[in-house]
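Asker: pasting the structure only:
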């Protein structure tokens, strides 16, 4: 699970017909399960134009047609939040911490 209720999140890696939603910021409101996958209901729908013909939850959309998505799968969301006091910088795990050199 990537997000928690109320998180601000970045939309990423959505497939081609709806990839216009990638790069958008959304606020997640409530977690729902559908078709065995976790989806977040959004505070406001994400609006964009379809890049190709596709079907979403039984509704057909055609290329260039406006689409409004009010739920996004958790897999396509990256939360933006304070990592907390116990967070560790991942880069420090691979490289030594920089040292201040004085001349």
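Answerer: Here it is on my side, so go on. All values reported here derive from a predicted model rather than from experimental measurement. Numbers count the residues shown, from 1 in each chain.

Asker: buried ones in the helix or strand encompassing residue 67, by neighbour count?
Answerer: Taking DSSP states H and E as the criterion, residue 67 maps to strand 66-73. Within strand 66-73, the residues that count as buried by 16 or more other CB atoms under 10 Å are 67, 69, 71-72. (Glycine included, C-beta is placed from N, CA and C.)

Asker: likewise for stretch 26-42?
Answerer: Neighbour-count burial for stretch 26-42 flags 26, 28-29, 39-40, 42 (criterion: 16+ other CB under 10 Å).

Asker: worst-scoring helix or strand of the protein, pLDDT-wise?
Answerer: helix 90-94 (a mean of 69; mean pLDDT, DSSP states H and E).

Asker: which other residues reach stretch 22-37?
Answerer: Identification of contacts with stretch 22-37 by CB atoms under 8 Å, 6 or more residues apart in numbering yields 3-14, 38-44, 46, 71-75, 77, 80.

Asker: tell me where the model's unsure across this protein.
Answerer: Within the chain, the ranges that satisfy pLDDT under 70 run 87-92, 96-97, 103.

Asker: ranges for the strands of it?
Answerer: With strands called from DSSP state E, the chain shows them at 8-11, 25-34, 37-49, 54-56, 59-61, 66-73, 77-80.

Asker: which among these is found nearest to residue 102?
Answerer: strand 77-80 (36.9 Å; CB to CB).

Asker: mind listing what that closest one pairs with, with the direction of each?
Answerer: Here strand 77-80 is paired, per DSSP bridges, with strand 8-11 (antiparallel).

Asker: and the partner strand, which residues are buried?
Answerer: Within strand 8-11, the residues scored as buried using 16+ other CB under 10 Å are 9, 11.
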